[in-house]
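Novice: Next come a sequence and a model predicted from it.
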Amino acid sequence: MNEKTRPKVLIVDDESANLNLLWDTLEPEGYEVLAASNGEAALRIATSELPDIILLDVVMPGMDGYEVCRRLKQDEATRNIPVLFVTIREESESVIKGFQAGGVDYINKPFEKAELLVRIENHLKISRLTHEVLQKNQELERKNIELRQEMALREQAEDELKAERELRKLREFTEIIFNNINDSISIVDATTFKIVEVNQAFVNRSKLKVQDIIGKDCHDINHFGVKGDDTCPIGETLRTGRHSSAEHIHYDKDGRKIYVEVAVYPITNDNGEIDKVIHIARDITARKQTEEALQKADEQLSMLSQQEASRWGIAAFVGKSKTIQKILGEVRQLQSVKTTNVLITGESGTGKELIARAIHFGSDRAKSRFIPINCSALPAELVESTLFGHLKGAFTGANSTRKGYFELADGGTLFLDEIGDMPIELQPKLLRVIEDGCIMPVGGAIEKRVDVRIIAATNQNLAQKIAQGLFREDLYFRLERFHVTVPPLRERKEDIPLLTAHFLKMFATDMGIEHPSISPESLSALEAHYFSGNVRELKNIIEGALIKSGGSIIQPEHLHFIDLNNLSPAQTPPLDESQRTAECSMSLEQIEALVIQRAQRRKAESVDLQEHSASPLITDEEKILVYLREHGSISNAECQDFLNVDLNRASYVLRKMHRYGLLVRDGERRWSRYRLPLIVDC
């Protein structure tokens, strides 16, 4: 170190031996050493000499080292001089106190010479670097001041400064564009409404080239000649000077309507005036179409509900028997109360759902939904979410929150058909809903209260299922607050003529047949029939007979008493479980053989009717099974061509096979297609 660059070190200690030791340690290393034996002298020397570093003892008479350090740090001239405490005190409290006073290091006596020198050198380096940084910052600040002064004086550079500000604004615009890259974004001149800039999403939506967009009127580009409505928020932003938003309709060059959610942000010039706006349009066409579909569905549902109220009222019941009159009286009683749960029992096809609908649509709940559920058709793995709903993410595939049947039926009626087939593990949850009126969606933590009347129905013996442990007794008593028993048709045969006339009129209206009629012989045949399928079977027979008769008087040969099982409770005992299980896993060849075998037995037992008809249905069924084996599925029109019959006949055959479980139907009405089931539905 030369004389000019020798660092100054001020050592402060009240012990002369310590001063000499430090002096002898530092001076040979090239340091310029200054010494003070007390705090007052140290402050004077530090202020006048401005040393590069200070080694300060703690314990001194009068003013201790901590106070000296604090005063040094309070003085603008000395506050940046690093202070190293050199003391015999080793307590952590003393060390902390030293740092709190402003010291940068703490060295214990006795010290190692090498350690002391290294620490001094390191702190001198840090001090020099800090000083250099401060000098550079001061120099930069000085230059900035000079630059600002120079720019303020240079009026001739005003255009360049404006350009710089415009560039800054454009960079802000670009950042907004990239942050909303999936939306259509345009920058529009607030005076001319000309488009200044657009992003790629805007180009894609408009189906135009960029050069065909820039400089064009934004309304012309967004609407393509179609007169817009008054909801465009650009005008609102220009009037208020604030951000505005609205739903709007745009059009592409092909005239396709695009529903958008528009947000407009004002951009002001130096005078605070709006000279441009940022126009952001988010395509919500899919959402709007869904909303419109839901609204239309709600309107249709409302209309259907009104129609249902009249269709499924008391007037929908046909019959004059005492049993029907008794049921009508019970229905009227249940219509007058709102909360009582109902259990309806009876054979399949007796009209249990008709009774449930009559109770609903004749009560105060008619303004809300009637939701029928077939408990036997609910998939076991989804039965809970189907009934109670689920939250988004509740399980794999739950991509959105969905309401369950209970919530959809809130205020209305839930019809649980085939209640005897409800899984035993789900029955406690149903019981809790009945008791508490609360549901818990799958994946949810908060219960929802619902007001739902439950009407359950079954054709099974629930007492037997309770004994077998397949149905909860407490659930049975909760459901059977009021029990309606529906008799089979064979126990009220006096109603068959009225029901026949009702179905004739109903189907004739659908088929465009005027004045349908049935012969006395045919009516007698109907009254003599066992009707294991009850009213549903009678309905199917009348429909088929009307098709066969072609609108003329229905004769006995037009009646098709199909009985696929060829069994009657009065003649043959029902199939045992092993027979039903075997029949439920038949191959295609076995299905064909079963149909042919049953049809042949039916033919043998109906010789008197077969004299009038070659029973084309038997042949048609066989033909359709062969066709499906080769082609997989068949429509009404394909069946018409294949069988070479009219469309009514083809549709009738397919519907019959579907009703008896031989075919599965996909789609509704004229779009229906029929195929073979994977197994026969027993």
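Specialist: Now that the structure is in, tell me what you want to look at.

Novice: what mean pLDDT does the helix ranked longest in the chain have?
Specialist: If each helix of the chain is counted by residues according to DSSP state H, the longest one is helix 113-153. Averaging the model's pLDDT scores along helix 113-153 yields 87.

Novice: roughly how far is that helix from the heart of the chain?
Specialist: A distance of 59 Å separates the centroid of the chain from that of helix 113-153, by C-alpha atoms, centre = their mean, to the nearest Å.

Novice: now stretch 164-175
Specialist: Here stretch 164-175 is found 39 Å from its chain centre; the criterion is C-alpha atoms, centre = their mean.

Novice: Could you list the buried residues of that stretch?
Specialist: Along stretch 164-175, these residues count as buried under the neighbour rule (16 or more other C-beta atoms under 10 Å): 169, 173. No exception for glycine: its C-beta is placed from N, CA and C like everyone else's.

Novice: what's the angle between the helix or strand that the longest helix of the chain is followed by and helix 113-153?
Specialist: On the C-terminal side of helix 113-153, the nearest following helix or strand under DSSP states H and E is helix 158-179. Counting by axes from the mean of the first three to the mean of the last three C-alpha atoms, to 10 degrees, helix 158-179 lies at 120 degrees to helix 113-153.

Novice: ok, and what's touching helix 158-179?
Specialist: Outside of helix 158-179, the residues that reach it under the criterion C-beta atoms under 8 Å, 6 or more residues apart in numbering are 151, 185, 187, 197, 199, 265, 267, 270, 278.

Novice: didn't the first one look like it was pressed against residue 145?
Specialist: No - here residue 151 lies out of contact with residue 145, judged by C-beta atoms under 8 Å, at a distance of 10.9 Å.

Novice: that older thread, just the buried members of the contacts of helix 158-179?
Specialist: Burial by neighbour count, 16+ other C-beta under 10 Å: within the contacts of helix 158-179 this picks out 185, 187, 197, 199, 265, 267, 278.

Novice: Rounded mean pLDDT for stretch 555-572, please.
Specialist: Across stretch 555-572, pLDDT averages out at 61.

Novice: can you check stretch 172-186 too?
Specialist: Averaged across stretch 172-186, pLDDT comes to 72.

Novice: can you give me the end-to-end distance of it?
Specialist: Stretch 172-186 has an end-to-end distance of 14 Å (C-alpha to C-alpha, to the nearest Å).

Novice: Same question for stretch 183-201.
Specialist: 6 Å.

Novice: which residues are in contact with it?
Specialist: Contacts of stretch 183-201 from elsewhere in the structure, counted by C-beta under 8 Å, 6+ apart, are 173, 176-177, 180-182, 202, 205-206, 210, 213-219, 221, 234, 238, 260, 266-267, 274-283.

Novice: which other helices and strands contact the one helix or strand residue 220 maps to?
Specialist: Assigning secondary structure by DSSP H and E places residue 220 in helix 218-223. The elements that helix 218-223 packs onto, with contact taken as 3 or more C-beta pairs under 8 Å, 6 or more residues apart in numbering; DSSP states H and E, are strand 244-251.

Novice: Would you mind writing the CA trace of stretch 111-122 as PDB?
Specialist: Extracted C-alpha coordinates of stretch 111-122, given in PDB (Å, rounded to 0.1, in the frame of the first residue of the first chain):
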ATOM      1  CA  PHE A 111      -8.000 -12.200  19.100                       C
ATOM      2  CA  GLU A 112      -6.100 -14.100  16.400                       C
ATOM      3  CA  LYS A 113      -4.000 -11.700  14.400                       C
ATOM      4  CA  ALA A 114      -4.800 -13.400  11.100                       C
ATOM      5  CA  GLU A 115      -8.500 -13.500  11.800                       C
ATOM      6  CA  LEU A 116      -8.500  -9.800  12.800                       C
ATOM      7  CA  LEU A 117      -6.700  -8.800   9.600                       C
ATOM      8  CA  VAL A 118      -9.000 -10.900   7.400                       C
ATOM      9  CA  ARG A 119     -12.100  -9.400   9.000                       C
ATOM     10  CA  ILE A 120     -10.800  -5.900   8.600                       C
ATOM     11  CA  GLU A 121      -9.900  -6.400   5.000                       C
ATOM     12  CA  ASN A 122     -13.300  -7.900   4.200                       C
END
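
Novice: tell me how far the biggest strand by length in the chain is from the chain's mean position?
Specialist: The strand spanning the most residues in the chain, taking DSSP state E as the definition, is strand 257-268. Offset of strand 257-268 from its chain centre (C-alpha atoms, centre = their mean): 26 Å.

Novice: Stretch 490-504: end-to-end distance?
Specialist: With C-alpha to C-alpha as the measure, the ends of stretch 490-504 fall 20 Å from one another.
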